[in-house]
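S.K.: Predicted structure and sequence below. I'll ask about it afterward.
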Amino acid sequence: MGSVVIKYFLPSVSLRAAINLSAACVFASSGFAVAAPTALELRPSTPWNVDWGKDYCILRRAFGDGDHALALGIKQWGLGDSFQLIAAGPQMRGIGSSQKFLVIYGDGEAEDYSSYFSFYRIGNDLAVSTISSLAPGHAGQRTQQPVTPERENAVTSITLLWSGNQVVLDTGQLNKAFTALRKCTADLVKGWGLDPAEQATLSRRARPKFDLFSLLHPADFPGQQSFNNFRLMIDPDGKIAKCEIQRNFDDFKVDRLCDRLIRNAVFEPALNALGKPVASYYIEFSHVRNW
């Protein structure tokens, strides 16, 4: 059994993959029928609400009802434009057999997340999850271009495509919802003893001097696949002051992994707007496949 670690850096990572093809052409080139799937448009059944978790913030909204019900989540662990996109409900039951997963924001182009999505079971239904952003970019590449309020308001729908399915979520303009999410993430950062305003204007983020995933072992991630992320609090001298992990594996392995990171990881500290080293944080998000 092999193990593949697909890593993402948060919060500045963007996994947007712009595809200059229509949905029909994308599915045709992937072995699907040439005709674009019939779109199922779902209107909101609840307002947006923000869940202020201990280590995360998540926007939630429900769409449709009955067998066409779908719950949407937009989850963040810190400041920035990247988020975990989560869709769950009866409508997602066929995602488990799909090799393709695409997302369209508003009237934009289809973006291929086929190498970056995971799915898991919630009761009788399935949920799909991937790291995404409203910012422009390409799959696996980071973007430095910030998402503006104009961009957030230009996106009024989110379309999900997989295996002959096309679900259009009528989200409405997103700026007010994302503004509420940002208030939550700023509060998170403040709770870590950091100044959100200073962290938002860093001239350089804390960054490792070598690939942290070289310290990870397949045994740390039991099961076929898992999405995991860890947050490291970095001192002004570049040392790790604290390791916090959100995970799908047991506490013993978590402790072992944190110990390994604290002992071996070396960082360049974050710099504030004036170029002075300051305390900050570093978040990695991993999608581990053991197959």
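M.R.: Cool, the structure landed. Numbers count the residues shown, from 1 in each chain.

S.K.: where do the helices sit along this structure?
M.R.: In the chain, the helices defined using DSSP state H lie at 23-29, 149-154, 175-191, 196-200, 251-264.

S.K.: of those, which approaches residue 46 most closely?
M.R.: The closest of the helices of the chain to residue 46 is helix 175-191. By C-beta to C-beta, the value is 12.2 Å. C-beta here means a position set from N, CA and C on the backbone, and glycine is covered the same way.

S.K.: re the thing from before, among the helices of the chain, which is nearest residue 162?
M.R.: The closest of the helices of the chain to residue 162 is helix 23-29. By C-beta to C-beta, the value is 9.4 Å.

S.K.: Show the average pLDDT along that closest one.
M.R.: If you average the pLDDT over helix 23-29, you get 42.

S.K.: what's the distance between the closest residue in space to residue 46 that isn't next to it in sequence and residue 49?
M.R.: Among residues not flanking residue 46 along the chain, residue 62 sits closest, at 4.3 Å (C-beta to C-beta, 6 or more residues apart in numbering). Residue 62 sits 10 Å away from residue 49, going by C-beta to C-beta, to the nearest Å.

S.K.: Compare those two (neighbour count), which wins?
M.R.: residue 62 (16 against 12; other C-beta atoms under 10 Å).

S.K.: Correct me if wrong: that one contacts residue 70.
M.R.: Yes: between residue 62 and residue 70 there is a contact under C-beta atoms under 8 Å: 7.4 Å.

S.K.: Lowest mean pLDDT across the helices of the chain, which one is that?
M.R.: In terms of average pLDDT, helix 23-29 trails the rest of the helices of the chain, at a mean of 42.

S.K.: Okay, now the unreliable bits of the stretch 101-250 of the chain?
M.R.: Where the stretch 101-250 of the chain drops to pLDDT under 70, the residues are 136-144, 216-228, 246-250.
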